[in-house]
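Novice: please work out how this folds:
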Amino acid sequence: MYQGYKTFEDIKAWQLAREFRKKIYSVTNKFPSVEIYSLVSQLRRAAISVTSNIAEGYGRYSYQDNIHFCRMSRGSINEVLDQLCIALNENYINQQEFDGLYKEGREVEHAINGYIKFLDSFSRK
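Specialist: Got it, this is the predicted structure:
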């Protein structure tokens, strides 16, 4: 549909977010069982939302709709980052884990912003 993108899987932001989601799943496997229905669930749902919104936006075949869903994806990555702060505060992850995940999350956000900018350049034509 878009130049160079045959499927949503071709989008760099989606690829980075997918890898990030895998790491969120992995790290949350170590959280205490008391958190399975709260922080673990919230973290995983937010991480899923990042990739799902990129995919859904791509499927809308409208630049403005796609941008809207990418903005929701950007909100979700920030939700994950906030929840990682909670995990750090509760000692479910250590500072090194937090720092790595936080940096990677910001890289995902940067890629989403780049994709939004790309889409916006076409929506204004």
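Novice: contacting residues for residue 59?
Specialist: By CB atoms under 8 Å, 6 or more residues apart in numbering, the contact list for residue 59 reads residue 8. Placement of C-beta: from N, CA and C, glycine included.
Novice: at 7 Å instead, please
Specialist: Counting by CB atoms under 7 Å, 6 or more residues apart in numbering, residue 59 touches no other residue.
Novice: look up how far residue 76 lies from the spatially most central residue of the chain.
Specialist: Centroid-nearest residue in the chain, with CA atoms, centre = their mean: residue 50, separated by 3.3 Å. According to CB to CB, to the nearest Å, residue 50 stands 5 Å off from residue 76.
Novice: same deal with residue 97?
Specialist: Distance of residue 97 to residue 76, computed by CB to CB: 20 Å.
Novice: for residue 111, same thing?
Specialist: 14 Å.
Novice: check residue 51 too.
Specialist: For residue 51, the distance to residue 76 equals 9 Å [CB to CB].
Novice: in terms of neighbours, single out the busier of residue 97 and residue 76.
Specialist: residue 76 (24 against 16; other CB atoms under 10 Å).
Novice: now find how far off-centre the helix ranked longest in the chain is within its chain.
Specialist: Criterion DSSP state H: the longest helix present in the chain is helix 95-123. Centroid separation between helix 95-123 and its chain, computed with CA atoms, centre = their mean, to the nearest Å, is 8 Å.
Novice: averaged pLDDT, that helix. What do you get?
Specialist: Mean pLDDT, helix 95-123: 95.
Novice: so where is the chain shaky, pLDDT-wise?
Specialist: 1-4, 125 (pLDDT under 70).
Novice: mind listing the strands for the protein?
Specialist: Ranges of strands in the chain, per DSSP state E: none exist.
Novice: ok, which stretches of it are helices?
Specialist: Listed in chain order, the helices of the chain (DSSP H) span residues 12-28, 39-58, 63-89, 95-123.
Novice: next, the angle from the second one to helix 12-28.
Specialist: Using axes from the mean of the first three to the mean of the last three CA atoms, to 10 degrees, the inter-axis angle of helix 39-58 relative to helix 12-28 is 170 degrees.
Novice: give me the contact list for helix 39-58.
Specialist: Identification of contacts with helix 39-58 by CB under 7 Å, 6+ apart yields 8, 11, 13-14, 17-18, 20-21, 24-25, 28, 31, 65-66, 68-70, 72-73, 76-77, 79-80, 83, 86-87, 108.
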